[in-house]
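K.L.:
Pasting the sequence and the predicted model now:
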Amino acid sequence: MSYAAAYEEYVYPLLLRDCASCHGVSQVPLFASTNVQNSVNVTMNFFNFTNRPDSAMVRRTTDGHCSNQPVCLTNGSEMLAAVEALYDNGVKNINDDSELTDFDIAVPAVAIPARDDLNPTAFLPMQWDLSELGLPGYRFSIEIQYFDEFSYRIRNPKFHSVPNGTLKVGGIRPMVNGHFDPANNQWALPMKTLATTNAGVLFTNFVIVMGREGDGDVLSFAFEVLEK
């Protein structure tokens with residue numbers, strides 16, 4: 001089952017039932033709207049699949065934040081069961097090696113730069129030399145931001161110095177500490193041929209990558225297609 005399908009089956013019905021009167025109408029974030037894909041997108045960083053009881057989506061059903069409405073003063077068990085079902089049916093199976101066989105071209109993991117305490121929301125540059133993948137002279141870069149306590153935000157994937165010809169690329173999966181979170185962190189790029197010295201930014205949208213643990217985190221990428 002895909003992540004979106006599992007989300008729609010297990011989590012989304014609870015949001016429509018309990019949260020739509022506020023978070024489906026005017027209260028930001030609008031994760032309980034009638035558009036399920038919008039709900040999937042909005043809640044990208046609300047789950048902690050490493051420590052599921054600590055997911056923001058679970059904690060918010062226990063803290064009474066909505067003027068102490070009953071749905072926000074539960075023991076969290078119903079939402080936790082939904083998050084566990086989402087993980088079991090829409091996350092864990094996709095993290096199995098058998099599900100990653102089409103994305104087996106991976107760049108080496110690189111340490112994520114330390115956050116700038118003077119500018120904690122800054123995007124920090126990261127770059128990979130692709131020589132080890134048989135692509136001498138090619139480089140891949142992104143910009144990364146410390147987004148919240150659970151996740152990073154990544155933008156502007158870009159190839160540089162494409163020499164003497166073209167580079168075919170398709171499907172990009174960022175991974176923190178070797179973990180792929182299918183909820184939100186794939187740039188689903190159809191195969192594209194790059195043919196310029198400075199190939200430009202492939203996407204302008206962000207992806208949010210769960211799995212932040214702290215100092216020492218590393219980032220790597222897997223590609224569906226990456227060849228000359």
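P.N.:
Right, received. Where do you want to start?

K.L.:
next SSE after the helix or strand of the chain with the lowest mean pLDDT?
P.N.:
In the chain, no helix or strand scores lower on mean pLDDT, DSSP states H and E than helix 92-95, which sits at a mean of 55. Note on helix 92-95: by DSSP states H and E, the next helix or strand toward the C-terminus is strand 105-106.

K.L.:
partners of that following strand, with directions?
P.N.:
strand 218-227 (antiparallel) (DSSP bridges).

K.L.:
Tell me which residues of the partner strand come out buried.
P.N.:
219, 220, 221, 222, 223, 224, 225, 226 (16 or more other Cβ atoms under 10 Å). In this view, the C-beta of every residue, glycine as well, is placed from N, C-alpha and C.

K.L.:
how does the chain divide up, domain by domain?
P.N.:
3-95, 100-227 (automatic domain parsing).

K.L.:
tell me, which of these is the model least confident about?
P.N.:
Lowest mean pLDDT within these: domain 100-227, a mean of 77.

K.L.:
helices or strands up against the longest helix anywhere in the chain?
P.N.:
Once the chain is assigned using DSSP state H, the helix that runs over the most residues is helix 77-90. Contacts defined by 3 or more Cβ pairs under 8 Å, 6 or more residues apart in numbering; DSSP states H and E place helix 77-90 against helix 3-6, helix 12-18, helix 56-59.

K.L.:
Mind doing that once more with 6 Å?
P.N.:
Applying 3 or more Cβ pairs under 6 Å, 6 or more residues apart in numbering; DSSP states H and E, one finds that helix 77-90 contacts helix 3-6, helix 56-59.

K.L.:
tell me the secondary structure for residue 113?
P.N.:
Judged by DSSP: H, G, I helix; E, B strand; the rest coil, the three-state class of residue 113 is coil.

K.L.:
ok, it - contacts?
P.N.:
Contacts for residue 113 (Cβ atoms under 6 Å, 6 or more residues apart in numbering) come out as residue 124.

K.L.:
Report how many residues lie close to the closest residue to residue 6 other than its chain neighbours.
P.N.:
Closest residue to residue 6 in three dimensions, ignoring its sequence neighbours and counting by Cβ to Cβ, 6 or more residues apart in numbering: residue 90, at 2.8 Å. Neighbour count of residue 90, defined by other Cβ atoms under 10 Å: 23.

K.L.:
mind checking which of the helices and strands packed on helix 77-90 is nearest residue 126?
P.N.:
helix 3-6 (25.4 Å; Cβ to Cβ).

K.L.:
same for that closest one, what does it pack against?
P.N.:
When contacts are defined as 3+ Cβ pairs under 6 Å, 6+ apart, helix 3-6 sits against helix 77-90.

K.L.:
For the helix it packs on, buried residues please.
P.N.:
For helix 77-90, the neighbour count (16+ other Cβ under 10 Å) marks 79, 80, 82, 83, 84, 86, 87, 89, 90 as buried.

K.L.:
Then stretch 145-154?
P.N.:
Applying 16+ other Cβ under 10 Å to stretch 145-154 flags 145, 146, 147, 150, 151, 152, 153, 154 as buried.

K.L.:
Looking at these, spot the one nearest residue 105.
P.N.:
When these are compared for distance to residue 105 (Cβ to Cβ), residue 154 wins out at 18.2 Å.
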